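S.K.: Following is a predicted model, sequence given first.
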Amino acid sequence: MDHGATLKNYIDVAAAVQDLANGNIDGVINDSIGNAYLIKDMHLPLRQTPDYVSRI
């Protein structure tokens, strides 16, 4: 089923999170610990979902 999404792969999750902060992509799927660290370390205006996301 096509949901109209385009996937983009990144070698480095920090680059993906930066692209998200810059508005170039709509979301990042990664582990919560890694995301929390990057958001804090890079001072990004982002937040994580409060729980696991089972459907996109």
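M.R.: Good, I have the coordinates.
S.K.: I'd assumed Q48 was in contact with S32.
M.R.: Yes. Contact criterion CB atoms under 8 Å: S32 and Q48 qualify, at 6.0 Å. Where C-beta positions appear, they are placed from N, C-alpha and C, glycine not excepted.
S.K.: quick one: least confident helix or strand in this structure?
M.R.: helix 32-41 (a mean of 83; mean pLDDT, DSSP states H and E).
S.K.: Report the central residue of this protein.
M.R.: V28 (2.1 Å; CA atoms, centre = their mean).
S.K.: Quick check on that one: phi, psi?
M.R.: Here is the backbone geometry of V28 (degrees, to the nearest 10): phi -130, psi 130.
S.K.: So for it, what's the pLDDT?
M.R.: According to the prediction, V28 has pLDDT 86.
S.K.: quick one: low-confidence ranges for the chain?
M.R.: 1-2, 53-56 (pLDDT under 70).
S.K.: Which element, helix or strand, includes D19?
M.R.: Here D19 is covered by helix 13-21, with elements defined by DSSP states H and E.
S.K.: so that helix versus helix 32-41, what angle?
M.R.: Using axes from the mean of the first three to the mean of the last three CA atoms, to 10 degrees, the direction of helix 13-21 lies 60 degrees away from that of helix 32-41.
S.K.: residues in contact with helix 13-21?
M.R.: Contact with helix 13-21 is made by 8, 10, 25-28, 30, 34-35, 38-39, 42, 44-46, as judged by CB atoms under 8 Å, 6 or more residues apart in numbering.
S.K.: try 7 Å
M.R.: Helix 13-21 is contacted from outside by 10, 25, 27-28, 30, 34-35, 38, 42, 44-46, using CB atoms under 7 Å, 6 or more residues apart in numbering.
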